[in-house]
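>>> Need the 3D shape of this:
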Amino acid sequence: MRLLSLGLGKKGCRIVGLLNRNGERINDINLFKCYAIHRELPFLSAIDLPESNKFTAWLDDEAARSVINTIFSRNEFFEASLLITELMDDYGFNFALRIGEELMSLSEDPVMILAILPYLEVGSNYEEIRRRLKLLNESSHFLILFEDRENLDRMILDSMNMMALVGEIDLKKKISGEVVIDTSDVFNSLMKKGLSSVGFSSTEIKKSFLDKLAFWREEEPAKRKSDRMVKLLRRAIEENLSARCDLSTAKSVLVLFEGDPGNITMDGMFSCLTLVNQKFPRIELRYGDYPVPGSRNLKAMILFSGMTGFKY
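Predicted structure coming up:
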């Protein structure tokens, strides 16, 4: 999935610089078309992007329209827009409202906003947080939340890279997953009303030197592979959510696995779906995987959407 990725405000600009450096590449093409927008030129100069992809802009409708017109004039291919901003950054927040409205008026492509929340705790200004989230929801099709925590950059990079791989075909690998999904599955999983949050987990599958030499050794038992997938997904749900929303209010969920095809099994996938159905009865469920032959890492991601509040 090719994403027009716009960083708005300081943290948003920093994140698109990260996606520009470390975003997933398929057939030597970065899946993230990155641009940074801020009013301070000295700050923008430090962002790791080509100078032509940085915009110094004041906070008004005309500036938002000018930025979008310039980007669209380059005739780049993308399937959706991703606006990244810190919720409580006044510049980034207000520019996201204007850019989101402009994009929705010019194109039918989905507009997603990735909003970075302050760490949620007792004493947080929930009234202002809810007010701003409501406005962002109205200026986009989908709203994905990340709390500002120690592992914020890594969490955003891992989960957005995995999401962007959906629907992509690497011509060099010539292999498909157990359950093939495309970009429409992501957009159908995201709910236009409500909040979305991502759970992510990964593990390195280590092999000893003897394992690598002993090609004749019996293959790892299927149950162990299945149990590993369930353990990964459970950890993504219970220990590593991008934002602590009330999962009991979720209307839709998307389950994704990424790794070597030999480590992703249908039995494991069905065991994971059973886990989700037991925890969240009556939820709308989609699932799939992205094969990476030879990968030593197995990754799990779960996207919850349609939630109505927080729980921490």
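>>> shouldn't residue 16 be in contact with residue 84?
Yes - taking contacts as C-beta atoms under 8 Å, residue 16 lies within contact range of residue 84: 6.2 Å. Any C-beta I mention is one placed from the backbone N, CA and C, and that applies to glycine too.
>>> What segments of the stretch 51-200 of the chain are helices?
Per DSSP state H, counting those that start in this stretch, the stretch 51-200 of the chain carries helices over the ranges 61-72, 90-106, 126-138, 152-164, 183-189.
>>> contacts for the last one?
The set of residues external to helix 183-189 that reach it, using C-beta atoms under 8 Å, 6 or more residues apart in numbering, is 1, 79-80, 110, 141-142, 163, 166-167, 252-254, 284, 286, 288, 303, 305.
>>> ok, 6 Å please
1, 79, 110, 166, 167, 252, 254, 286, 303, 305 (C-beta atoms under 6 Å, 6 or more residues apart in numbering).
>>> now swap in the longest one and tell me
Taking contacts as C-beta under 6 Å, 6+ apart, the residues outside helix 90-106 that touch it are 8-9, 12, 59, 61, 64-65, 68, 81, 83, 85-86, 111, 113, 135, 139-140.
>>> CA-only coordinates of it, as CSV, when you get a sec.
Taking Å, rounded to 0.1, in the frame of the first residue of the first chain, the C-alpha atoms of helix 90-106 are listed here in CSV:
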residue,chain,number,x,y,z
ASP,A,90,-1.4,23.4,18.1
TYR,A,91,0.3,24.0,14.7
GLY,A,92,0.3,20.3,13.7
PHE,A,93,-3.2,19.7,14.9
ASN,A,94,-4.8,22.7,13.2
PHE,A,95,-2.9,22.1,10.0
ALA,A,96,-4.0,18.4,10.0
LEU,A,97,-7.6,19.7,10.1
ARG,A,98,-7.1,21.9,7.0
ILE,A,99,-5.0,19.3,5.1
GLY,A,100,-7.5,16.5,5.8
GLU,A,101,-10.5,18.6,4.7
GLU,A,102,-8.6,19.6,1.5
LEU,A,103,-7.6,16.0,0.6
MET,A,104,-11.1,14.7,1.1
SER,A,105,-12.5,17.5,-1.1
LEU,A,106,-10.0,16.7,-3.9
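>>> And the furthest pair within the contacts of helix 183-189?
Spatial extent of those (C-beta to C-beta) is set by the pair 79 and 252 at 19.4 Å.
>>> Is residue 305 in a helix, a strand, or coil?
The three-state label given to residue 305 by DSSP: H, G, I helix; E, B strand; the rest coil is strand.
>>> got a list of what it touches?
Residue 305 touches 189, 190, 191, 196, 252, counting by C-beta under 6 Å, 6+ apart.
>>> Quick one: buried ones out of the residues you listed?
Neighbour-count burial (16 or more other C-beta atoms under 10 Å) applied to the contacts of residue 305 gives 189, 190, 191, 196, 252.
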